[in-house]
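Visitor: Sequence first, predicted model second:
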Amino acid sequence: MSNLNELFKKKKQNPSRTSSYSRASSSRPSSASASRPSSASALRPSSASASRPSLFPRPLLESEDSDLTSSSVDQMNDAVTRRIFSKLDNLKTLLEKVKKNQEDMKEEIKTIKEEVAILSHDQACIDAVIIKSAQDLLEKKIYPNYDEFKESAEFFLRESDNEFFSTLGSKWEPYFEKKIRKPLSKRLRSLRGTLCARVKTAIFENFSNMLPPISNVAKASEIAAWKKKLAVSNCFQKLEKNQENINQMKEEIDFLANINQQFGAENDQLIKNLDRFRKYRIPESISVKSSPSDSGTKSKIIPSKRPKGRKLKSKKIAKTNKEKRVFGNNSEEDTESDDEKNEKDARNEMKTIIKIINSEFSLNYDQIFTSANNCKIRRKLIPELQKSLTPKFKPLVTQLTK
């Protein structure tokens, strides 16, 4: 009895072990019963069996069974939860790897696009840059260094396509090495050879009798010795003097061109002034009288005698006698107000001439100027105006119609 009590206490303290033991015992095969001893021997009492606990557990109570079931469910839930979290961690790691791979792919695609744009750039633009850069280098320095090559190419590439140059960024130097440097060096060598050939031809054409002969395939040492000869040095001194004279002549030409430009501006202003004063016509009733003086020739406007039958209103005559105008003065002191006043006076004088002409040539001011009636009158009026102005002026029809 005491053994049974101890067994119950152990089961309460370690229910999981008891349940596992019970499951193990229940999972035993049924064939184990065949290996059991006979009932007679089993019922036979022995001291050893009395001292050991029973190998077969007793049936569990309902409370004990519920405790065992809840603990096993909790353990299963914990295991499932751990597996779920482990899978979630694996998925998170996988997603981070995929995201990183996508970013790397984007960078690679961007790099590929830039390289494709650089490689597929318009070759005609690059050729133009090479031509301009070679010509510029030849004028500044016949044998430039690497930095001068690169600076010249950069300047003309910016000038022709600044947007493309900005896309190069840090790839400008590799692009210059790959696409520009070799063709630029080749172009410069070609221009340099052409220049040397022209210089040599010009020298021997001008100093053919004074220069000693030299072979076209002479070595560098032979050329240096040839240049040290007295006749050659004299020819080069003459060339330097001629170059100084040419430079002096260029400076004089620039100076004269500047003076010519200034005179041209003044001439244009004089032409404008003449065109402005040509608009004004001196009526037949006014004559210009010139009189010498200390400061120069002065012009006065004096009213001439009127033929019989032509009468002017007293106000018009008084106004004409008071006004004095000088024509042909092209100074810059004339203002816009004077021009407007002169133009107004000229129009008034023309109206005066029109009014003293016979009534059959008078325009109808109640109608517009381009009406049919006024057009007929103008056809008759223009010949009369030309007759009246003929002694001093020979106006054109277009001038009178204006």
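Guide: Looks like it came in fine.

Visitor: could you say what helices and strands the single longest helix found in the chain packs with?
Guide: As assigned by DSSP state H, the longest helix anywhere in the chain is helix 62-119. Using 3 or more C-beta pairs under 8 Å, 6 or more residues apart in numbering; DSSP states H and E, the elements in contact with helix 62-119 are helix 15-26, helix 162-168. Every C-beta, even on glycine, is put in place using the N, C-alpha and C of the backbone.

Visitor: Would you mind checking which of those scores lowest on average pLDDT?
Guide: In terms of average pLDDT, helix 15-26 trails the rest of the helices and strands packed on helix 62-119, at a mean of 44.

Visitor: Quick check: buried residues in stretch 148-164?
Guide: Residues of stretch 148-164 classed as buried by neighbour count (16 or more other C-beta atoms under 10 Å): 149-150, 152-154, 156-157, 161, 164.

Visitor: what's the closest of those residues to residue 132?
Guide: Nearest to residue 132 among the buried residues of stretch 148-164, counting by C-beta to C-beta, is residue 156 at 4.6 Å.

Visitor: I'd like to know the phi and psi angles of that closest one, please.
Guide: With angles defined as degrees, to the nearest 10, residue 156 sits at phi -80, psi -30.

Visitor: Also residue 212?
Guide: phi -70, psi 150.

Visitor: isn't it right next to residue 230, touching?
Guide: No - using C-beta atoms under 8 Å, residue 212 is not in contact with residue 230; the gap is 9.7 Å.

Visitor: so where's the stretch 201-350 of the chain uncertain?
Guide: Along the stretch 201-350 of the chain, segments meeting pLDDT under 70 span 279-339, 342-343, 345-350.

Visitor: One more pass at 50, please.
Guide: Filtered on pLDDT under 50, the stretch 201-350 of the chain yields the residue ranges 287-288, 290, 292-333.

Visitor: Going by residue numbers, what spans are strands in the stretch 151-300 of the chain?
Guide: 286-292, 297-303 (DSSP state E, counting those that start in this stretch).

Visitor: show me what contacts residue 237?
Guide: Residue 237 sits next to no residue when contact means C-beta atoms under 8 Å, 6 or more residues apart in numbering.

Visitor: Can you tell me how far it is from residue 200?
Guide: Remark: distance between residue 237 and residue 200 (C-beta to C-beta, to the nearest Å) = 18 Å.

Visitor: what does residue 265 give?
Guide: Distance of residue 265 to residue 200, given as C-beta to C-beta: 46 Å.

Visitor: for residue 75, same thing?
Guide: Distance, residue 75 to residue 200, by C-beta to C-beta: 104 Å.

Visitor: about what we covered before: I'd like the buried residues of stretch 148-164 laid out as JSON lines, including distance to residue 142.
Guide: JSON lines is the format used below for the buried residues of stretch 148-164 (distance: C-beta to C-beta, whole Å):
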{"residue": "149", "distance to residue 142": "13"}
{"residue": "150", "distance to residue 142": "17"}
{"residue": "152", "distance to residue 142": "13"}
{"residue": "153", "distance to residue 142": "17"}
{"residue": "154", "distance to residue 142": "20"}
{"residue": "156", "distance to residue 142": "18"}
{"residue": "157", "distance to residue 142": "22"}
{"residue": "161", "distance to residue 142": "28"}
{"residue": "164", "distance to residue 142": "29"}
